[in-house]
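**Student:** with the sequence up front, the predicted model follows.
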Amino acid sequence: MKILFVCPRYPFPLLSGDRVRAFHQLDTLAKSHEVFLLCPPAPSVEAEQGLKDWLGHRIHVPQNRLKALGRVATGVFGRTPFQTLAYADGAYRREALSLVRRFDIEVAHVQLVRLAPVLESAPLPRFMDFVDSLSVNMSQLAERSRGPKQLAARIESRRLKNYERAMVREYDAGGITSARDRTAFGDPKNMFVVPQGAPLHDGTPEEMKRPPSRIIFTGRMSYFPNEDAVLWFAKRAFPLVKAAIADAEFVVAGADPGPTILALNSIPGVKVLGFVESIADELLNSTVAIVPMQSGTGMQTKIVEAMAVGTPIVITPQGLGSLPLVDGAQISLADGVEPFAKAVIRLLANRSIAVEQARQARIEVEQKYSWAASTHELLKGYEYAINAFLSKGKPA
């Protein structure tokens, strides 16, 4: 199959969930299909090297930030989401349509609703990967913000809610990372749950040597639910852990920590690493991973990444979302400051419990959350899009 895959960002380095998703989908798809990647140029030579062994074709469209700002400014009183205006570049659309004509593309994959105009009304089967409900995400940001930031988030949330639903109708099929987010869209029949995946690490949890009391949170820190979660744990729950286990250490690994997060370095036992070359290596060098989300949408990539390398996890219900993981089996589920701290302490203090949880979690990843399994669901969405497109041309 010839697939056009359109991304808003170069899919390397793997700094955010959407880039992780695109990178592994592209890698898996290119092994069996002819894939054409349309995206901005690599931000660095190192980023370019990240795709040097990829089997597909790369076509780059430079982004003009001044024009993007101009489109956002002129759309202040309109109804289109600001992020869609920023990416509504005519050059993107012209290049995409040219590729469709020149290479007889059979299905187009567009990542994130901000790129919807690139192939809106285009004459081929189209699959929109929404990833998660951005309107719900923005609504949560508005609830937890104040002043101009709150106003901007409210406006964007309203615009996104209407636009997301319009694009579900416009595109032949869509993808989302979780059943919870699919429900937020109204459970449309043309939307497929395509979960995040994670590459498995060699070895078993029993064999892995770990420090005694290292707690880790992973994720891009410019994403407000991640920042919110880290602040909640560091200021409220971690002191309780530290009081029970004196040598406990809390490590924050993820790009773009702001001043508020960097200031946590002043708390004894807390270390903000910022960008790291390998999230997997940091997880392997940790005793417990935490996902103390207080807000956020979609499926948390950090959950399956920790499960894949055999690091036991403590998660809030908000972080778990609609993932079918069992408390006390593959994960530890805890809501509230004291219960969450107690769950972390329990795993730090009981190696056998931690290892058994990690073992069951790893089996779950092997069976349900490999990138091969995820891409299998993606291909079902492509098939639906193709059939839906073909049915439009049939007489009533």
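**Tutor:** Received the coordinates, thanks. Numbers count the residues shown, from 1 in each chain.
**Student:** what's the neighbour count on the nearest residue to Val35 once chain neighbours are set aside?
**Tutor:** Closest residue to Val35 apart from its sequence neighbours, by Cβ to Cβ, 6 or more residues apart in numbering: Gly56 at 3.7 Å. Every C-beta, even on glycine, is put in place using the N, C-alpha and C of the backbone. Gly56: 17 surrounding residues under other Cβ atoms under 10 Å.
**Student:** could you do the one 10 residues further on as well?
**Tutor:** Burial of Leu66 is recorded as 7 neighbouring residues (other Cβ under 10 Å).
**Student:** spit out the contact partners of it.
**Tutor:** Applying Cβ atoms under 8 Å, 6 or more residues apart in numbering to Leu66 gives no contacts.
**Student:** check which helix or strand it maps to.
**Tutor:** Here Leu66 sits within helix 65-74, counting by DSSP states H and E.
**Student:** what residues sit buried inside that helix?
**Tutor:** Neighbour counts over helix 65-74 (16 or more other Cβ atoms under 10 Å) mark Ala68, Arg71, Val72 as buried.
**Student:** pLDDT score for the first one?
**Tutor:** Right, Ala68. pLDDT, Ala68: 88.
**Student:** repeat that for Arg220.
**Tutor:** So Arg220 comes in at 90 (pLDDT).
**Student:** the nearest residue to it once chain neighbours are set aside and Ala289: what is the separation?
**Tutor:** Distance criterion Cβ to Cβ, 6+ apart; nearest residue to Arg220, sequence neighbours excluded, is Ser16 at 4.7 Å. Distance of Ser16 to Ala289, computed by Cβ to Cβ, to the nearest Å: 18 Å.
**Student:** neighbour count winner among these two?
**Tutor:** Ala289 (27 against 20).
**Student:** surely that one touches Ala308?
**Tutor:** No: if you go by Cβ atoms under 8 Å, Ala289 and Ala308 don't touch, sitting 11.0 Å apart.
**Student:** continuing past the lengthiest helix in the chain, what's the next helix or strand?
**Tutor:** Scanning the chain for the helix with the most residues, using DSSP state H, yields helix 147-170. Proceeding N to C from helix 147-170, the next assigned helix or strand is strand 173-176, under DSSP H and E.
**Student:** OK, contacts around the residue nearest to Arg220?
**Tutor:** Arg9, Arg220, Tyr223.
**Student:** reformat those as JSON lines; add neighbour count.
**Tutor:** Formatted as JSON lines, the contacts of Ser16 follow (neighbours: other Cβ atoms under 10 Å):
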{"residue": "Arg9", "neighbour count": "17"}
{"residue": "Arg220", "neighbour count": "19"}
{"residue": "Tyr223", "neighbour count": "17"}
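**Student:** re earlier: can you pull the contacts of the residue nearest to Val35?
**Tutor:** Applying Cβ under 8 Å, 6+ apart to Gly56 gives the contacts Phe5, Leu26, Leu29, Ala30, Glu34, Val35, Phe36, Leu37.
**Student:** using PDB, write out every CA atom in the longest helix of the chain.
**Tutor:** Extracted in PDB, the C-alpha atoms of helix 147-170 (Å, rounded to 0.1, in the frame of the first residue of the first chain):
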ATOM      1  CA  GLY A 147      -5.900  35.500  33.800                       C
ATOM      2  CA  PRO A 148      -5.200  35.700  30.100                       C
ATOM      3  CA  LYS A 149      -3.900  32.100  29.900                       C
ATOM      4  CA  GLN A 150      -7.300  30.900  31.200                       C
ATOM      5  CA  LEU A 151      -9.200  33.100  28.700                       C
ATOM      6  CA  ALA A 152      -7.100  31.900  25.700                       C
ATOM      7  CA  ALA A 153      -7.500  28.200  26.800                       C
ATOM      8  CA  ARG A 154     -11.300  28.600  27.100                       C
ATOM      9  CA  ILE A 155     -11.600  30.100  23.600                       C
ATOM     10  CA  GLU A 156      -9.300  27.400  22.100                       C
ATOM     11  CA  SER A 157     -11.300  24.700  23.900                       C
ATOM     12  CA  ARG A 158     -14.600  25.800  22.400                       C
ATOM     13  CA  ARG A 159     -13.100  26.200  19.000                       C
ATOM     14  CA  LEU A 160     -11.400  22.800  19.100                       C
ATOM     15  CA  LYS A 161     -14.600  21.000  20.300                       C
ATOM     16  CA  ASN A 162     -16.600  22.100  17.300                       C
ATOM     17  CA  TYR A 163     -13.700  21.600  14.900                       C
ATOM     18  CA  GLU A 164     -12.800  18.100  16.100                       C
ATOM     19  CA  ARG A 165     -16.300  17.000  15.500                       C
ATOM     20  CA  ALA A 166     -16.400  18.600  12.100                       C
ATOM     21  CA  MET A 167     -13.200  16.700  11.100                       C
ATOM     22  CA  VAL A 168     -14.600  13.400  12.300                       C
ATOM     23  CA  ARG A 169     -17.300  13.900   9.700                       C
ATOM     24  CA  GLU A 170     -14.900  15.300   7.100                       C
END
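**Student:** identify all contacting residues around that helix.
**Tutor:** The contact list for helix 147-170 (Cβ under 8 Å, 6+ apart) reads 79-84, 113, 116, 120-121, 128, 130, 133-136, 138-139, 141-142, 145, 174, 185-186, 188, 190-191.
**Student:** now the buried members of these.
**Tutor:** Applying 16+ other Cβ under 10 Å to those flags 80-84, 113, 116, 128, 130, 133-136, 138-139, 141-142, 174, 185, 190-191 as buried.
**Student:** filter those down to the ones in strands?
**Tutor:** Among those, the members found in strands (DSSP state E) are Met128, Phe130, Gly174, Met191.
**Student:** turn the residues you listed into a markdown table, columns for distance to Ala237 and pLDDT.
**Tutor:** Shown next, in a markdown table, are these (distance: Cβ to Cβ, whole Å; pLDDT from 0 to 100):
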| residue | distance to Ala237 | pLDDT |
| --- | --- | --- |
| Met128 | 38 | 97 |
| Phe130 | 32 | 96 |
| Gly174 | 37 | 97 |
| Met191 | 35 | 96 |
